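Q: here are the coordinates; sequence isn't available:
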């Protein structure tokens, strides 16, 4: 294509370009399609993919999504860039060539904030893990000799809510590395450290998602 090309506001079942050279500006803005395939494509200037809607992104190849991401980055469209970054990460999860260590990180990223696009999911991930590990710690403390004052009491006489809430907030937001009550038993300390890793990760992912519209 030697001159400017526009596919804007087109609707089609799929788009496929193979071994194509776009010499001038090309626009795929507001295009709707089932899926798209871009193979061995060169943009001499820039391609605009703003508000491109792919209904079945799982049918796209990694190289196609990365090509689109590269052009979105050039046009400084961060919102759509993050959307296609999430699509790329989901494709990597299904890719057989993805290593197990990378797969763990991808799954954590997906479940914690949808790859930095959903701050509400980050808050829920943090709260969910906080509650889970706090309950585990209280349950394990039933069978240990420790200085930690809370446990899940099988006799059904529960501690005061304000007292429990205080210890829950301390569990979530305090590093507790010098907390003698937590350190009074190795099992409690191990649970606490593992919990802090996931809680800290959740808080970090939430902050990253809040920066979605930042630079």
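A: Right, received. Where do you want to start? Values in this document were obtained by computation on a predicted structure and should not be read as measured data.
Q: show me what contacts residue 58?
A: Each residue near residue 58 by Cβ atoms under 8 Å, 6 or more residues apart in numbering is listed here: 90-91, 94. (Glycine included, C-beta is placed from N, CA and C.)
Q: Show me just the buried residues among those.
A: Neighbour counting with 16 or more other Cβ atoms under 10 Å marks 90-91 as buried within those.
Q: Could you single out the nearest of the contacts of residue 58 to residue 210?
A: residue 90 (21.8 Å; Cβ to Cβ).
Q: follow-up on the earlier one: and of the contacts of residue 58, the nearest to residue 73?
A: residue 91 (17.8 Å).
Q: I'd like the distance between the closest residue to residue 57 other than its chain neighbours and residue 194.
A: Sequence neighbours aside, residue 87 is the residue nearest to residue 57 in space, at 4.5 Å (criterion: Cβ to Cβ, 6 or more residues apart in numbering). Counting by Cβ to Cβ, to the nearest Å, the gap from residue 87 to residue 194 is 31 Å.
Q: ok, now which ones touch the residue nearest the centre of the chain?
A: For the chain, residue 115 is the residue whose C-alpha lies nearest the centre (Cα atoms, centre = their mean; 2.7 Å). Residue 115 is in contact with 82, 85-86, 89, 109, counting by Cβ under 8 Å, 6+ apart.
Q: and the closest residue to it other than its chain neighbours, what pLDDT?
A: Closest residue in space to residue 115, ignoring its immediate chain neighbours: residue 86 at 4.4 Å, by Cβ to Cβ, 6+ apart. If you check residue 86, the pLDDT there is 94.
Q: Residue 86 sits in which helix or strand?
A: Using DSSP states H and E, residue 86 sits in helix 78-94.
Q: Sort out which residues of that helix are buried, please.
A: By neighbour count with 16+ other Cβ under 10 Å, helix 78-94 contains the buried residues 80-91.
Q: which other helices and strands contact it?
A: With contacts taken as 3 or more Cβ pairs under 8 Å, 6 or more residues apart in numbering; DSSP states H and E, helix 78-94 sits against helix 62-74, helix 100-113.
Q: These: which one's closest to residue 201?
A: Nearest of these (Cβ to Cβ): helix 100-113, 6.7 Å.
Q: got any ranges where this protein has weak pLDDT?
A: 154-157, 175-177, 212-215 (pLDDT under 70).
Q: Could you point out the longest helix of the chain?
A: Of all the elements of type helix in the chain, the one with the most residues (DSSP state H) is helix 186-210.
Q: Show me how far that one is from its chain's centre.
A: Chain-centre distance of helix 186-210: 15 Å, with Cα atoms, centre = their mean, to the nearest Å.
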